[in-house]
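In: next comes the sequence, and after it the predicted model I'd like to discuss.
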Amino acid sequence: MVKPTDYLTVTALTQYLKAKFERDPYLDRVYLTGEISNFRLRPNAHQYFSLKDNKAKISAIMFKSAFEKVKFTPEEGMKVLVVGRISLYEASGNYQIYVERMEPDGLGALYQAYEQLKAKLATEGLFDLPKQPLVRFPKRIAVITSPSGAVIRDIITTTQRRYPIAQLVLFPALVQGDGAADVLVERLKQINEQGDFDTIIIGRGGGSIEDLWPFNEERVARAIVASQIPVISSVGHETDTTIADLVADVRAATPTAAAELATPVLTDEILKLQQQRLRLYQAFSKTVALNKKQLDHLQNSYVLKQPKRLYDGYLQNVDQLQRRLLTAQQQLLKDRRQQVQLLQQRLTAQSPLMAVQQAQKDITEQQRRLNQAMNRLMADRRQKAVQAITALDLVSPLKILGRGFAYVTDDQQQVLKKVADFKAQQPIELHVQDGLVTAEVIAIHKGED
């Protein structure tokens, strides 16, 4: 019969299993390969992710101190090689690997980090920034390198051989290992703060990628880009290309080449100066001779001897121009007058006064014609009236009566025209030209038909 005290608590069991993990010598250091899963970069913090393959998955944790040593940025799906220990996390009861070191599977970690930083800086355009030109005749050159390496000796030797008047100032620095990048950045800032240098040479001799790694650090690259003084990078051998080489203003394959790029050959420059001085003297002599010849020519020229002749042609030109001007003015005045006359004529022709006068003339003429027509019409009407009066007068009863005719009426004023209208003893009235005669019918005699 199992007693209640025989039952284990979850904590007790978990602690037991954790102790098993901790004591197992095979789990104390495990070399593991797998793909990164569920990774999300946590800045300045511990990193939590998983490692998996086709059939299994294990949780992983990498503490901040260990992750800071990783030279590349882990990515989702990246296959990596990790070294760590296996243990159990009591709170969740899950076992996990505590990663102490990690590097890409296949490419080296440093090479992977190098490619990632190179791609990042290329995206930002740091490699395409305008390069500062080197000072042709530097007075002071700052050298950042190891004081005990061959680099400084090569630079000193080359500079003294080529351009000994230049002052070399060594800024000793670590060029490999931890802390080297910080020292390089500090030296670059120090030189720029002093500001009295013409050129900076930064470099070191050859070595492995681990040895050259400080020159692939991002902060070193940004310090070189921020430098206000031209920087010559000479890191490693000619086949080694570091990030510092890519962002520097000039890259030199070797320290000797860096010194050659930074300094001219003094003897050559002196020879050039002597040659230029000779050319300048010859050119100056030719110029003096030419000017002297021109001076003699001018002194003997008629312009200086008879300066008035200088103006003869101009005076003649002035006279001709004055005549042309006068002729042009006269012609212009004539043309303007003609235009004015023409405009006056057109204005007169289009004047309302003239139209009114012409209308008045037309009205007068029309009135005259109307009067003539009226007179002719009145004369014609008068003549026709006379003719009509004459014609009427000819047929007037008074005229007929005047010629001795009379007409007879009865007492009823009825005209008696025929014999039958008369009756015997009938009183009648005879109408003559100048009065009325009362008579009586005595006898009636009818005429023959």
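Out: Looks like it came in fine. Numbering: from 1, shown residues only.
In: quick one, strands of the stretch 201-350 of the chain?
Out: Ranges of strands in the stretch 201-350 of the chain, per DSSP state E, counting those that start in this stretch, are 231-235, 250-251.
In: so what does the first one touch, helix or strand wise?
Out: The helices and strands touching strand 231-235, judged by 3 or more C-beta pairs under 8 Å, 6 or more residues apart in numbering; DSSP states H and E, are strand 199-204, helix 243-247, strand 250-251, helix 255-262. C-betas here are computed from N, CA, C, even on glycine.
In: tell me the strands beside it, with direction?
Out: Note on strand 231-235: by DSSP bridges, its sheet partners are strand 199-204 (parallel), strand 250-251 (parallel).
In: output those strands in a markdown table, with mean neighbour count appended to each entry.
Out: Converted to a markdown table, those look like this (neighbours: other C-beta atoms under 10 Å):
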| stretch | mean neighbour count |
| --- | --- |
| strand 199-204 | 28 |
| strand 250-251 | 20 |
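In: is it possible to export those strands to TSV including distance to G84?
Out: As requested, those are exported to TSV (distance: least, C-beta to C-beta, whole Å):
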stretch	distance to G84
strand 199-204	33
strand 250-251	40
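In: what's the burial count for P133?
Out: 9 (other C-beta atoms under 10 Å).
In: which stretches of this protein have low pLDDT?
Out: 1, 106-109, 208, 238-239, 303, 448-449 (pLDDT under 70).
In: tell me the contacts of V183?
Out: V183 makes contact with 173-174, according to C-beta atoms under 8 Å, 6 or more residues apart in numbering.
In: that one: which element?
Out: helix 180-194 (DSSP states H and E).
In: a markdown table please, covering the helices and strands packed on strand 231-235 and showing distance to Y16.
Out: Output for the helices and strands packed on strand 231-235, formatted as a markdown table (distance: least, C-beta to C-beta, whole Å):
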| stretch | distance to Y16 |
| --- | --- |
| strand 199-204 | 54 |
| helix 243-247 | 51 |
| strand 250-251 | 62 |
| helix 255-262 | 63 |
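In: between those, which gets nearest to L27?
Out: helix 243-247 (39.1 Å; C-beta to C-beta).
In: just to revisit the earlier point, so for R187, which of the strands paired with strand 231-235 sits nearest?
Out: Evaluated over the strands paired with strand 231-235, closeness to R187 peaks at strand 199-204, with 7.9 Å, by C-beta to C-beta.
In: and the closest one, how far out from the chain middle?
Out: Put simply, strand 199-204 sits 43 Å off its chain's centre (C-alpha atoms, centre = their mean, to the nearest Å).
In: could you do stretch 354-369 as well?
Out: Distance, centroid of stretch 354-369 to centroid of chain: 74 Å (C-alpha atoms, centre = their mean).
In: who touches that stretch?
Out: With contacts defined as C-beta under 8 Å, 6+ apart, stretch 354-369 is touched by T348.
In: output it as PDB, restricted to C-alpha atoms.
Out: What follows is stretch 354-369, C-alpha atoms only, in PDB (Å, rounded to 0.1, in the frame of the first residue of the first chain):
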ATOM      1  CA  MET A 354     -20.000 117.900 -95.200                       C
ATOM      2  CA  ALA A 355     -22.800 115.300 -95.100                       C
ATOM      3  CA  VAL A 356     -25.200 117.900 -93.600                       C
ATOM      4  CA  GLN A 357     -24.300 120.500 -96.200                       C
ATOM      5  CA  GLN A 358     -24.700 117.900 -99.000                       C
ATOM      6  CA  ALA A 359     -28.000 116.900 -97.500                       C
ATOM      7  CA  GLN A 360     -29.100 120.500 -97.300                       C
ATOM      8  CA  LYS A 361     -28.200 120.900-101.000                       C
ATOM      9  CA  ASP A 362     -30.100 117.800-101.800                       C
ATOM     10  CA  ILE A 363     -33.100 119.100 -99.900                       C
ATOM     11  CA  THR A 364     -33.000 122.500-101.600                       C
ATOM     12  CA  GLU A 365     -32.800 120.700-105.000                       C
ATOM     13  CA  GLN A 366     -35.700 118.500-104.100                       C
ATOM     14  CA  GLN A 367     -37.700 121.500-102.900                       C
ATOM     15  CA  ARG A 368     -36.900 123.200-106.100                       C
ATOM     16  CA  ARG A 369     -38.000 120.200-108.100                       C
END
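In: and that stretch, which residues are buried?
Out: Within stretch 354-369, no residue is scored as buried using 16 or more other C-beta atoms under 10 Å.
In: now swap in stretch 221-229 and tell me
Out: Across stretch 221-229, burial judged by 16+ other C-beta under 10 Å covers 221-225, 227, 229.
In: quick one: which of those is nearest I202?
Out: Closest approach to I202 among the buried residues of stretch 221-229 (C-beta to C-beta): I224, at 7.2 Å.
In: I figured the closest one hits G203, correct?
Out: No. I224 is not in contact with G203 according to C-beta atoms under 8 Å; the separation is 11.5 Å.
In: now do stretch 53-60: distance to the chain's middle.
Out: For stretch 53-60, the separation from the chain centroid amounts to 58 Å (computed by C-alpha atoms, centre = their mean).
In: actually, stretch 289-299.
Out: What separates the centre of stretch 289-299 from the centre of its chain is 55 Å, taken as C-alpha atoms, centre = their mean.
In: swap in stretch 180-196?
Out: 43 Å.
In: check which residues of that stretch are buried.
Out: Using 16+ other C-beta under 10 Å as the test for burial, stretch 180-196 gives 180-181, 183-185, 187-188, 191-192.
In: ok, stretch 48-65 next?
Out: Residues 49-52, 58-62 are the ones in stretch 48-65 that count as buried (16+ other C-beta under 10 Å).
In: can you tell me how far the closest residue in space to E210 that isn't next to it in sequence is from T73?
Out: The shortest distance from E210 to any non-neighbouring residue, by C-beta to C-beta, 6 or more residues apart in numbering, is to L110 (6.3 Å). To T73, L110 is 13 Å away according to C-beta to C-beta, to the nearest Å.
In: neighbour count winner among the two?
Out: In terms of neighbours (other C-beta under 10 Å), L110 is the more surrounded of L110 and T73; the figures are 18 against 13.
In: can you name the next helix or strand after the longest helix seen in the chain?
Out: The residue-count maximum for a helix in the chain (DSSP state H) belongs to helix 352-394. With elements assigned by DSSP H and E, the helix or strand that comes after helix 352-394 is helix 397-402.
In: need the CA coordinates for that next one. PDB is fine.
Out: Provided in PDB are the C-alpha atoms of helix 397-402 (Å, rounded to 0.1, in the frame of the first residue of the first chain):
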ATOM      1  CA  PRO A 397     -78.600 126.300-119.600                       C
ATOM      2  CA  LEU A 398     -77.900 129.900-119.100                       C
ATOM      3  CA  LYS A 399     -75.700 130.000-122.100                       C
ATOM      4  CA  ILE A 400     -78.500 128.300-124.100                       C
ATOM      5  CA  LEU A 401     -80.900 130.800-122.700                       C
ATOM      6  CA  GLY A 402     -78.500 133.500-123.700                       C
END
